[in-house]
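**Q** return atomic coordinates for the entry below.
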Amino acid sequence: MKIIIKGKKYKTPIPIKKIKLGQQRKFSIKITKKIHDGFSKFSGDNSKIHTDINFCKKNGYKKKLGYSFLLTTILSNIYGKIFPGGNDLCLKQNCNFKYPYFVNDTLKFRIKVNQVNREKKLLGIECKISNQQNKLIFEGDSILLLSLNK
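**A** Numbers count the residues shown, from 1 in each chain. A predicted model of the protein is given here:
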């Protein structure tokens with residue numbers, strides 16, 4: 001399962017000394033059927049709400065619902081490869097799944113630095129994810145240890 005995240009390219013890893021409070025990055029990704037099915041296979045979650053369109057329609061949804069934890073997988077990709085990228089370790093991830101999203105939705109990720117502790121190499125991140133109609137589907141916060149960044 002290859003995940004392609006669109007957004008401005010930055011040199012990584014970003015050293016903690018260059019990260020500023022309030023700094024933001026924005027990314028987008030279309031959750032294709034291939035990504036959705038790949039996550040289903042990887043996770044082993046084949047529940048009908050994600051796999052059976054007739055079940056979804058009977059329960060008031062026009063399309064198959066996307067996997068909530070696919071969002072955290074994408075966050076892992078962003079944190080590890082894009083922002084701050086490189087040698088960080090996620091110590092904490094709080095997740096608030098606000099609204100469902102669907103296969104073929106384009107999701108917009110806004111990552112914002114809300115804490116910086118240079119001495120302990122800790123970075124606090126706030127994340128908000130919206131769909132193409134700007135409906136908030138996820139909000140959460142993370143604590144990252146930038147273990148090998150100087």
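**Q** state the helix or strand in which Asn77 lies.
**A** helix 68-77 (DSSP states H and E).
**Q** cool, Ile143 as well?
**A** Short version, using DSSP H and E: Ile143 is in strand 136-145.
**Q** tell me the contacts of Asn117?
**A** Asn117 is in contact with Leu123, counting by C-beta atoms under 8 Å, 6 or more residues apart in numbering. Quick note: C-beta positions are derived from backbone N, CA and C, even for glycine.
**Q** so what pairs up with it in the strands?
**A** For Asn117, the beta-bridge assignment (DSSP bridges) gives partners Leu122.
**Q** look at the spatially most central residue of the chain and report its pLDDT.
**A** Note on the chain: the residue nearest the mean C-alpha position is Leu75, at 3.1 Å, using C-alpha atoms, centre = their mean. Reading off the confidence values, Leu75 has pLDDT 94.
**Q** for it, which residues are in contact?
**A** 93, 109, 127, 140, 142.
**Q** part of a strand, is the second one?
**A** Read that as Phe109. Yes - remark: Phe109 belongs to a strand, assigned using DSSP: H, G, I helix; E, B strand; the rest coil.
**Q** the closest residue to it other than its chain neighbours: how many residues sit nearby?
**A** The shortest distance from Phe109 to any non-neighbouring residue, by C-beta to C-beta, 6 or more residues apart in numbering, is to Phe27 (4.5 Å). Burial of Phe27 is recorded as 19 neighbouring residues (other C-beta atoms under 10 Å).
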